[in-house]
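Student: After the sequence you'll find the predicted model.
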Amino acid sequence: MRKGERVLTVLTVCGGLLAVAPAAEAVPVTAMAAGSLGSADVTVGTQAVHAAPIAVCEVGGTLQNTSSGASVGTTTKYGRGDTTCTRDANGTASAKATGQRFETSILKQFGGPVIKVRSYTAGCTTTANGSSGYMEIGGVSGLTVPTDIPANYTVAIPGKNAGDPPMAEVVVNELIAPTPPDGSLATHAMHIKLFPQGGPASGDIMVGSASCDPYGG
């Protein structure tokens, strides 16, 4: 770790309950999990750039994947990383995505910061009653985050001029569960939302993603 650099770590647990049918009506279920290093779908002016989820792993499909790095247009880069998905003999499924050296300068053209993440991890595991998720993130620059990051911690990147709407909202330790809860869970180490109130750009950039569903199949 370089001098002055802080590694920010958070463990977040969120589970949901699903009503169980009587035994006579019960049907087999199979826990599912998937992960990726991230993805992007953004539009600046009339130019759209899309990057499908990078190094995807999925229970029932590719269980391990890796990437030596990926670029999204000329402004966003993902460094090396890997993903792992498993389902054990007890039926517990899990997914983990670990990457490094993410960087996006997409906001620079609007007077905003370059956002960098030196290392990140997003993961989840199914449980008897739902799913649990966690993330780790280190070496963040371009925005300020606390040492202990609560779920869905959001930082607004202000517009260039006073009174302008935010040019981005950055959600760190994003945790997404349906309402009403059904036991499934998705987590992202970082989610960058471009001009959420409207403006010259739109779209989303995800950094480190994992999803779990104990009743997925």
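Tutor: Structure received. Numbering: from 1, shown residues only.

Student: rest of the way, CA atoms for contacts and neighbours
Tutor: Fine.

Student: can you tell me how far residue 140 sits from residue 116?
Tutor: Relative to residue 116, residue 140 is positioned 6 Å away (C-alpha to C-alpha, to the nearest Å).

Student: low-confidence ranges in the protein?
Tutor: 1-28, 217 (pLDDT under 70).

Student: switch the cut-off to 80
Tutor: The chain contains residues with pLDDT under 80 at 1-29, 217.

Student: Next, the contact list for the residue nearest to the spatial centre of it, please.
Tutor: Closest to where the C-alpha atoms of the chain average out (C-alpha atoms, centre = their mean) is residue 188, at 1.8 Å. Residues near residue 188 by C-alpha atoms under 8 Å, 6 or more residues apart in numbering: 122, 135, 172-175, 206-210.

Student: Just the CA atoms from the helix or strand harbouring it would do, formatted as PDB, please.
Tutor: Using DSSP states H and E, the element containing residue 188 is strand 185-194. Taking Å, rounded to 0.1, in the frame of the first residue of the first chain, the C-alpha atoms of strand 185-194 are listed here in PDB:
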ATOM      1  CA  LEU A 185     -29.600  -9.700  -4.000                       C
ATOM      2  CA  ALA A 186     -27.400  -7.700  -6.300                       C
ATOM      3  CA  THR A 187     -24.400  -5.700  -5.200                       C
ATOM      4  CA  HIS A 188     -22.000  -3.300  -6.900                       C
ATOM      5  CA  ALA A 189     -18.700  -2.000  -5.500                       C
ATOM      6  CA  MET A 190     -19.400   1.300  -7.300                       C
ATOM      7  CA  HIS A 191     -22.200   2.600  -9.600                       C
ATOM      8  CA  ILE A 192     -21.700   5.800 -11.500                       C
ATOM      9  CA  LYS A 193     -24.900   7.400 -12.700                       C
ATOM     10  CA  LEU A 194     -24.300  10.200 -15.300                       C
END
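
Student: ok, the helix or strand just after that strand: who's next to it in the sheet?
Tutor: For strand 185-194, the succeeding helix or strand toward the C-terminus, using DSSP H and E, is strand 201-213. Note on strand 201-213: by DSSP bridges, its sheet partners are strand 32-44 (antiparallel), strand 185-194 (antiparallel).

Student: list the helices and strands the host helix or strand of residue 156 packs on?
Tutor: Residue 156 belongs to strand 153-157 when assigned by DSSP H and E. Helices and strands touching strand 153-157, by 3 or more C-alpha pairs under 8 Å, 6 or more residues apart in numbering; DSSP states H and E, are strand 168-176.

Student: Appreciated, that's everything.
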